[in-house]
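J.: I'd like to go over a predicted model; first the sequence, then the structure.
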Amino acid sequence: MKPSTKIIASRKSQHSRAPAGRKDGWKDATTAIHAGESHHGVSGPVAPTIVRSSTFTFSDTAEMKRWAEGRSSAYIYTRYGNPTLALAERKLAELERAEGAVVTASGMAAISSALLAALETGDELISTRQIYGGSYRLMRDVFPRFGIRVHFVESDLAGAEQLVGPKTRALYVETPTNPTVQVVDLQKAAALARRHRLISIVDNTFASPALQKPLQQGFDMVVHSTTKALGGHSDFIGGAVAGSAAWMDRIRKMVIYLGGCMDPEVAFLLIRGMKTLDLRVRRQCDTAMAVARFLERHPKVARVHYPGLRSHSQHPLARRQMSGFGSMLAFDLKGGLPAARRFCDRTRLFLLAASLGGVESLVVLPIFTSHYKMSPAELRAAGVQPGTVRVSIGLEDSSDLIADLKQALA
Ligand SMILES: Cc1ncc(COP(=O)(O)O)c(C=O)c1O
């Protein structure tokens, strides 16, 4: 045994606790803090260790041979796996009620890995049209080059069943949707996929596992931009896929082959973010509701999109399938694009920036960000007006946020 391995071995023997998890029957707030952690009795660090190493030692060639034969789960190289990444994966898996998870370099790396693991040349994919612009552009511009045909349907899945043919392989949805916060019926989507033996994938970025758990509704895989609520502090780019152990093996291979792995330093920030997810999201839901109510009463606002409002056409569905209505909302100004630009240029507290789910409240014009390079017809189909403003609610005091909206709209 080489010395470095000896140190690790003796450290482990010190009154170490087995990694904790859902088996302990915890609620989410507890799970996020303790799942996957194995604390040591004497002088052990409470915070997770960042294993900042690209590669890992073997004690001898016999051990290396065992790894090559698939008989050892030892770490070899961080693109294949790393203890800090593994801790982030365990926590997310527990929060999503999944057997496993794989963290990735970005949300788009997670989405492309999940779809490429599910699809082959000649396959057809059915996707809701109201999805993150980057996911839409991947399906519209890249997949056809690899012989994958994509059919887009509305968020109510009308007509989806009729589109299913012998080549249809997967169903992809995002809920609530970006940017107009439409709600897709997860149970209905999962049932449709089950009836036709389709692989079902859902982007759970907007809600996060704090508000909905699509795998429990029958989905095969959940994808995330962990850049958003899971990280929660706008300080890294990351992604993740969660699902069964069998699916995670396939996703892991895609990440190893395509190279979109997460960095250990980022995994540490993700772990830290997840520990406060529940608290942040609950507070953001309360503030978002207060902001949505304020906007709904404002004379310059034509329409507010927030599933917590009774005026939202899918309010009953959101109430049924989510445990809170989320931190995201959008609104259309009566004055169209000029009014929307004026508003965005005048906010002081709300920062004018893309992305979402952080502690800072943000405003953005989707036509210039997530939905750039889309035709007027595509924008109409996505429910995006030139004067649509998307809002991400952070953790500032709601009275300060509302005061800022008031002055920017004046
Ligand atoms: C809903 C949703 N999914 C996926 C992504 C892509 O994530 P990333 O930017 O981390 O690649 C985004 C990014 O804005 C998003 O809003």
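T.: Everything's here; your move. Numbers count the residues shown, from 1 in each chain.
J.: Let me see the domain layout of the protein.
T.: If you go by automatic domain parsing, the domain ranges for the chain are 66-275, 277-409.
J.: pretty sure residue 323 contacts residue 212?
T.: Yes - applying CB atoms under 8 Å, one finds residue 323 in contact with residue 212, separated by 7.1 Å. All C-beta atoms are positioned from the backbone trio N, CA, C, and that covers glycine.
J.: Just the buried residues of stretch 241-259, please?
T.: 241-243, 247-248, 250-252, 254-256 (16 or more other CB atoms under 10 Å).
J.: State the mean pLDDT of that stretch.
T.: Taken as a whole, stretch 241-259 has an average pLDDT of 98.
J.: ok, the closest residue to the ligand within the chain to residue 295 distance?
T.: As assessed by CB to the nearest ligand atom, the ligand sits closest to residue 107 within the chain, at 2.3 Å. As for residue 107, its distance to residue 295 is 27 Å (criterion: CB to CB, to the nearest Å).
J.: Now for residue 28, how many residues are close by?
T.: For residue 28, the count of nearby residues is 20 (other CB atoms under 10 Å).
J.: any idea which helix or strand carries the closest residue to it other than its chain neighbours?
T.: Spatially, and ignoring its direct neighbours in sequence, residue 28 is nearest to residue 278 (5.3 Å; CB to CB, 6 or more residues apart in numbering). Following DSSP states H and E, one finds residue 278 within helix 277-297.
J.: in that helix, what counts as buried?
T.: In helix 277-297, counting by 16+ other CB under 10 Å, buried: 277-278, 280-281, 283-289, 291-292, 294-295.
J.: Name the residues of this structure found near the ligand, please.
T.: Residues of the chain found near the ligand (CB under 6 Å from any ligand atom) are 106-108, 132, 134, 174, 178, 203, 205-206, 225, 227, 237, 239, 355.
J.: at 8 Å what do you get?
T.: Within the chain, the positions adjacent to the ligand are 106-111, 131-132, 134-135, 174, 178, 203, 205-206, 223-228, 237-239, 354-356, 370 by CB under 8 Å from any ligand atom.
J.: Filter the residues you listed down to the buried ones.
T.: 106-111, 131-132, 134-135, 174, 178, 203, 205-206, 223-228, 237-239, 355-356, 370.
J.: Now, the buried residues of stretch 241-259 that are in helices?
T.: Among the buried residues of stretch 241-259, the members found in helices (DSSP state H) are 247-248, 250-252, 254-256.
J.: Between residue 323 and residue 212, which is the more surrounded one?
T.: residue 212 (24 against 14).
J.: Which residues are in contact with that one?
T.: Neighbour list for residue 212: 175, 186, 204, 321-323 [criterion: CB atoms under 8 Å, 6 or more residues apart in numbering].
J.: Beyond the helix or strand containing residue 89, next helix or strand please.
T.: Per DSSP H and E, residue 89 falls inside helix 83-96. As assigned by DSSP H and E, the chain's next helix or strand after helix 83-96 is strand 100-104.
J.: got a list of contacts for that next one?
T.: So strand 100-104 is contacted by 85, 88-90, 92-93, 110, 113, 226, 238-245, 247-248, 251-252, 255, 260-262, 267, 270 (CB under 8 Å, 6+ apart).
J.: Just want the angle from it to helix 83-96.
T.: Relative orientation of strand 100-104 and helix 83-96, computed by axes from the mean of the first three to the mean of the last three CA atoms, to 10 degrees: 130 degrees.
J.: by how many degrees do whichever helix or strand comes after strand 100-104 and strand 100-104 diverge?
T.: Note on strand 100-104: by DSSP H and E, the next helix or strand toward the C-terminus is helix 107-118. Counting by the same axes, to 10 degrees, helix 107-118 points 130 degrees away from the direction of strand 100-104.
J.: Excluding sequence neighbours, find me the nearest residue to residue 180.
T.: Nearest to residue 180 is residue 383, by CB to CB, 6+ apart, at 4.2 Å.
J.: Tell me the secondary structure of the one you found, please.
T.: At residue 383 the chain is in coil, as set by DSSP: H, G, I helix; E, B strand; the rest coil.
J.: Count the residues that sit near it.
T.: 20.
J.: check contacts around it.
T.: Contacts of residue 383 by CB under 8 Å, 6+ apart are 130, 177, 180, 182.
J.: Going through the residues you listed, which ones are buried?
T.: Buried among the contacts of residue 383 by 16+ other CB under 10 Å: 130, 177, 180, 182.
J.: Distance to residue 305, secondary structure and pLDDT added to the residues you listed, as TSV?
T.: Formatted as TSV, the buried ones among the contacts of residue 383 follow (distance: CB to CB, whole Å; DSSP: H, G, I helix; E, B strand; the rest coil; pLDDT from 0 to 100):
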residue	distance to residue 305	secondary structure	pLDDT
130	11	coil	91
177	9	coil	93
180	5	coil	90
182	8	coil	95
